[in-house]
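Peer 1: Fold the following, please.
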Amino acid sequence: MEQVKSPTALFFPGQGSQKIGMGKALYEESAEARAVFEEADDALGFSLSQLCFGGDEAELALTANTQPAILTTSIATLRALEARADLPVGLAMGHSLGEFSALVAAGALRFGDAVTLVRLRGEAMQHAVEPGVGAMAAIIGAQLEELEAACAEVSGEEIVAPANENGGGQTVVAGHAGAVARLVAAAKERRWRAIPLNVSAPFHCSLMAPAAERLAAALEQIEVSPMRFPVITNVEAEANHSEARVKSLLVEQVTRRVRWEASVRKALHMGITTAYELGHGKVLRGLVKRITKDINVTCLSSTADFDVLDVRA
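Peer 2: As a prediction, the model looks like this:
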């Protein structure tokens, strides 16, 4: 089995980790982080930084705003960290949207391209289905095979399928609202926990096909560079070294499930023992703890975190 050159990985969060105030301390304390936010503002044509630092919570929660906000905060954290330390990195990976951050970290995507891509991706995912047509729910306590069988049983002529394999017995499903509601009822009959999620669209299922088409068209104009280290992809849960495969994998990811648990296990098998979660929140550290105790995840979101780690070059 392939082994990493360094046992250290970079993990990048996806949608759901956003919060007003994210990145503000970094912006104030790090010139490198400030430059990232300024580049995002210029690329998008509006002040994403002000939305992140002191905007309206509901506006930040809009998918088209959330995705570039999370990516920008993650890369600002990365650039601030790189200015302090020369960390040897074995691989990178991200949860859903976080895969774009991982590709920027690996040098495959330029940040300016990535932030405009995820803005478009967010808009496209938001508008792929009419409001109320789709839904998502978290199912806890089901084996994946059992859950897939339950989805097939209740779907009828609609769609409901696993969308996020988060680990620790938690799987998020997505699809038509009616089919998701039937699955929630079936889950409760099986004594699984079922939690309907307050989301704006049914992400990572076949209903997102229009969004995948829009992303594919946008990616045609983007240059992908060779990667400094591999990125474990959401679609395959395998390490990708080839820049030639980046675009197709990102397009597939829009309609395919996020295989986070398998991705973490892949990182572990490749020799990863330490990971840094870069950006706001601690979502991924919590997910990894449910999967394995053999990868130590440290969350970095401010220069104070770097000081505690004493990772200065």
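Peer 1: Just the strands from the stretch 151-300 of the chain, written as ranges.
Peer 2: With strands called from DSSP state E, counting those that start in this stretch, the stretch 151-300 of the chain shows them at 160-167, 170-176, 193-196, 231-232, 239-240, 274-278, 296-300.
Peer 1: ok, now which ones touch residue 122?
Peer 2: Contact analysis of residue 122 by Cβ atoms under 8 Å, 6 or more residues apart in numbering lists 62-68. (C-beta placed from N, C-alpha, C; glycine too.)
Peer 1: all helices for the stretch 1-150 of the chain, in order.
Peer 2: 24-29, 31-44, 48-54, 57-60, 63-84, 98-105, 111-127, 144-155 (DSSP state H, counting those that start in this stretch).
Peer 1: Save these as CSV, and put in distance to residue 12 and mean pLDDT too.
Peer 2: Output for the helices of the stretch 1-150 of the chain, formatted as CSV (distance: least, Cβ to Cβ, whole Å; pLDDT from 0 to 100):
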stretch, distance to residue 12, mean pLDDT
helix 24-29, 15, 93
helix 31-44, 14, 98
helix 48-54, 16, 96
helix 57-60, 18, 92
helix 63-84, 5, 95
helix 98-105, 4, 98
helix 111-127, 11, 96
helix 144-155, 24, 96
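Peer 1: Which single one of the contacts of residue 122 is nearest to residue 216?
Peer 2: Checking the contacts of residue 122 against residue 216 by Cβ to Cβ gives residue 67 as the nearest, at 16.8 Å.
Peer 1: Most tightly packed of the strands of the stretch 151-300 of the chain?
Peer 2: strand 231-232 (a mean of 26; mean count of other Cβ atoms under 10 Å).
Peer 1: Show me what it is packed up against.
Peer 2: If you count contacts as 3 or more Cβ pairs under 8 Å, 6 or more residues apart in numbering; DSSP states H and E, strand 231-232 packs onto strand 91-94, helix 98-105, strand 239-240, helix 260-269.
Peer 1: Which of those sits closest to residue 16?
Peer 2: helix 98-105 (10.6 Å).
Peer 1: So which elements touch the closest one?
Peer 2: strand 8-12, helix 63-84, strand 91-94, helix 111-127, strand 231-232, helix 246-255.
Peer 1: just the angle between that helix and helix 31-44, please?
Peer 2: Counting by axes from the mean of the first three to the mean of the last three Cα atoms, to 10 degrees, helix 98-105 lies at 120 degrees to helix 31-44.
Peer 1: Same question for helix 98-105: list its buried residues.
Peer 2: Residues 98-105 are the ones in helix 98-105 that count as buried (16 or more other Cβ atoms under 10 Å).
Peer 1: same deal with stretch 229-243?
Peer 2: Neighbour-count burial for stretch 229-243, counted by 16+ other Cβ under 10 Å, picks out 229-240, 243.
Peer 1: Over to stretch 42-49?
Peer 2: Neighbour count says stretch 42-49 has 43-44, 48-49 buried, by 16+ other Cβ under 10 Å.
Peer 1: which one of those is nearest residue 92?
Peer 2: Closest approach to residue 92 among the buried residues of stretch 42-49 (Cβ to Cβ): residue 43, at 21.5 Å.
Peer 1: any chance of the buried residues of stretch 229-243 in TSV, plus distance to residue 111 and pLDDT?
Peer 2: Below are the buried residues of stretch 229-243 laid out as TSV (distance: Cβ to Cβ, whole Å; pLDDT from 0 to 100):
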residue	distance to residue 111	pLDDT
229	17	97
230	19	98
231	15	98
232	20	98
233	19	98
234	20	98
235	23	98
236	24	98
237	25	98
238	25	98
239	22	98
240	19	98
243	16	97
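Peer 1: so how far is residue 52 from the closest residue to residue 282 other than its chain neighbours?
Peer 2: Nearest-residue entry for residue 282: residue 299, 4.7 Å, with adjacent residues in sequence omitted and distances by Cβ to Cβ, 6 or more residues apart in numbering. In this structure, residue 299 and residue 52 are 18 Å apart, going by Cβ to Cβ, to the nearest Å.
Peer 1: No further queries at this time; thank you.
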